[in-house]
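# Quick one, structure for this:
(4 chains)
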Protein chains: 2
Amino acid sequence: MSEIAVGPPDALRSDARRNRERLVEAAGELLALGGIDVSVAEIAARAGVGKGTVFRHYAAKDDLVADVVCAVLERLLAQGRELQMSLTGTDALREFVAEAIQLQANDRAFCEVVAGASVDNVRVSRAIEDFNVLVRDLTNTAVKAGDIRPDVTGADISLLISGIYQTAAPRAATQPELWRRYFVLFWDGLLPVHASPLPVPPAVGVDQF
Amino acid sequence: MSEIAVGPPDALRSDARRNRERLVEAAGELLALGGIDVSVAEIAARAGVGKGTVFRHYAAKDDLVADVVCAVLERLLAQGRELQMSLTGTDALREFVAEAIQLQANDRAFCEVVAGASVDNVRVSRAIEDFNVLVRDLTNTAVKAGDIRPDVTGADISLLISGIYQTAAPRAATQPELWRRYFVLFWDGLLPVHASPLPVPPAVGVDQF
DNA sequence: TCCTAACCTGACCATTCGGTCCGTTTAAGG
DNA sequence: CCTTAAACGGACCGAATGGTCAGGTTAGGA
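Next up is the predicted model:
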């Protein structure tokens, strides 16, 4: 058959593709450094592109942000699934949590999204859901292995991943590794050795972290 | 002597004083509910006052915010000093930390300031300094009593007061008491029973939390 | 009652931001 | 080349916000 009208969906002109790549790269750098509130104008300028071009490639700013943040999140998820295979018991969970917190330290936009900043985009919501599922699985495994107090849930860990970093965040500029301190401090509290009964039921809801 | 020209510094006209009170009250409510980003226009409207009146009483928005936040902070400090008198060992510290976190749950502006939001006002910086000093004293007492692992400092606790609430914050709307869960979880990790060595030196700096 | 300084008000200003639009440029097939 | 649809760019728009100011209002002493 001759080629039907439907055509290839991603037939971008060469300059368009190049600009899009530059855009994503620039956005990645600026968002990591300055967080979700960097202006579209800044990103466009850094990409060496007009502001109008941004909106030719993305219907709204949040869609560009989503592209960047989702890429980061998916890379993290891939790492997490590898850890899930290669490590046992609580080790996979602990390593993954550390990975996720480290990432927040390196990427302010990711950090904000993880902390609940609203990005109006379906892909982001879905990626976060996947994240929560992975955390839940890792947590359940660790609990079943008896390495983690049984009254802690995946939802708790999801929140703590963000919270531990937030704890150290005010000092991030001068002590970028401070989060490790609170990571250990918190982890000690998870051990089944003592386990005071936890008040209030576990966190619920998977809509955001 | 007849009254000298220097005059009383706070001789506000009756309407001015009344408006100022209304302003502080309205700001208190709105800031607690909506955080630091509520607009001056909103506050003025709620106080039943023109926007210009706000800037007659405060040179900048941050000065109004400072007035409100400082009042909250100073009330908390007073409570803390009472606890310091009435309770022993780690009890005073634990109760004060709980008080401070509860306050964040009830007042979003306070919460943001505690988490490091910049309010360009000297009084706020000073109040935060006082706060840090109190926390340090309470912590030192608890450590000396042997109730708290000795490698934890007041600066750590200051950060954790904010961090514990931040952990639960994404769920605050539906589970306002969730922070208690992470409070206990974290407190368990402070007990000297296990005490894995903490990596990275303690938090430093008292400029913000 | 009258006068005036203190006070109040809301229209106005400057800035910033996301997003639109249209005249211009350019890739790339024929 | 030449044509044309795709892509570009930046002036422009509307909304929001902190802050200003000229002109009207009022408290309160004389």
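# Could you pull up phi and psi at residue A:88?
Residue A:88 adopts backbone torsions of phi -120, psi 160, taken as degrees, to the nearest 10.
# Spatially, which residue comes closest to it, not counting chain neighbours?
Nearest residue to residue A:88, sequence neighbours excluded (Cβ to Cβ, 6 or more residues apart in numbering or on different chains): residue A:145, at 7.3 Å. (Each C-beta comes from the backbone N, C-alpha and C, glycine too.)
# Now do the contacts for the one you found.
A:88, A:89, A:90 (Cβ atoms under 8 Å, 6 or more residues apart in numbering or on different chains).
# right, quick check: the one helix or strand residue A:33 maps to against chain B, any contact?
Here residue A:33 sits within helix A:14-34, counting by DSSP states H and E. No: using Cβ under 8 Å from any Cβ of the partner chain, helix A:14-34 stays clear of chain B, with a minimum separation of 15.0 Å.
# is DNA strand C contacted by that helix?
Yes: contact of helix A:14-34 with DNA strand C (Cβ under 7 Å from any atom of the strand) involves A:14, A:15.
# counting contacts, what elements does that helix pack onto?
Contact partners of helix A:14-34 among helices and strands, from 3 or more Cβ pairs under 8 Å, 6 or more residues apart in numbering or on different chains; DSSP states H and E: helix A:40-46, helix A:51-57, helix A:61-86, helix A:108-114.
# Output these in CSV, with distance to DNA strand C and mean neighbour count appended to each entry.
Putting the helices and strands packed on helix A:14-34 into CSV (distance: least, Cβ to the nearest atom of the strand, whole Å; neighbours: other Cβ atoms under 10 Å in any protein chain shown) gives the following:
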stretch, distance to DNA strand C, mean neighbour count
helix A:40-46, 4, 17
helix A:51-57, 3, 15
helix A:61-86, 3, 18
helix A:108-114, 12, 24
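# any chance of those in TSV, plus distance to residue B:162 and mean pLDDT?
Listed next are these as TSV, based on distance: least, Cβ to Cβ, whole Å; pLDDT from 0 to 100:
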stretch	distance to residue B:162	mean pLDDT
helix A:40-46	29	98
helix A:51-57	35	98
helix A:61-86	24	98
helix A:108-114	15	97
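# Which one of those lies nearest to DNA strand D?
helix A:51-57 (1.7 Å; Cβ to the nearest atom of the strand).
# what residues does that closest one touch?
A:16, A:19, A:20, A:23, A:40, A:41, A:43, A:44, A:61, A:64.
# Tell me which two of those sit farthest apart.
Farthest pair in the contacts of helix A:51-57 (Cβ to Cβ) is A:16 and A:41. Separation: 20.1 Å.
# Tell me which residue lies nearest the centroid of chain A.
In chain A, the centroid-proximal residue (Cα atoms, centre = their mean) is residue A:73; its distance is 4.2 Å.
# surely that one meets residue A:109?
No: applying Cβ atoms under 8 Å as the test, residue A:73 and residue A:109 come out as separate, 10.8 Å apart.
# quick one: low-confidence parts of chain A?
By pLDDT under 70, the weakly predicted segments of chain A are A:1-10, A:190-209.
# Contact residues of chain A facing DNA strand D?
A:12-13, A:15-16, A:18-20, A:48-53, A:55-57.
# try 6 Å
Within chain A, the positions lying close to DNA strand D (Cβ under 6 Å from any atom of the strand) are A:12, A:13, A:15, A:16, A:19, A:49, A:50, A:51, A:52, A:53, A:56.
# any idea how far the fourth one lies from residue A:48?
Right, the one you point to is residue A:16. Computed as Cβ to Cβ, to the nearest Å, the residue A:16 to residue A:48 distance reads 14 Å.
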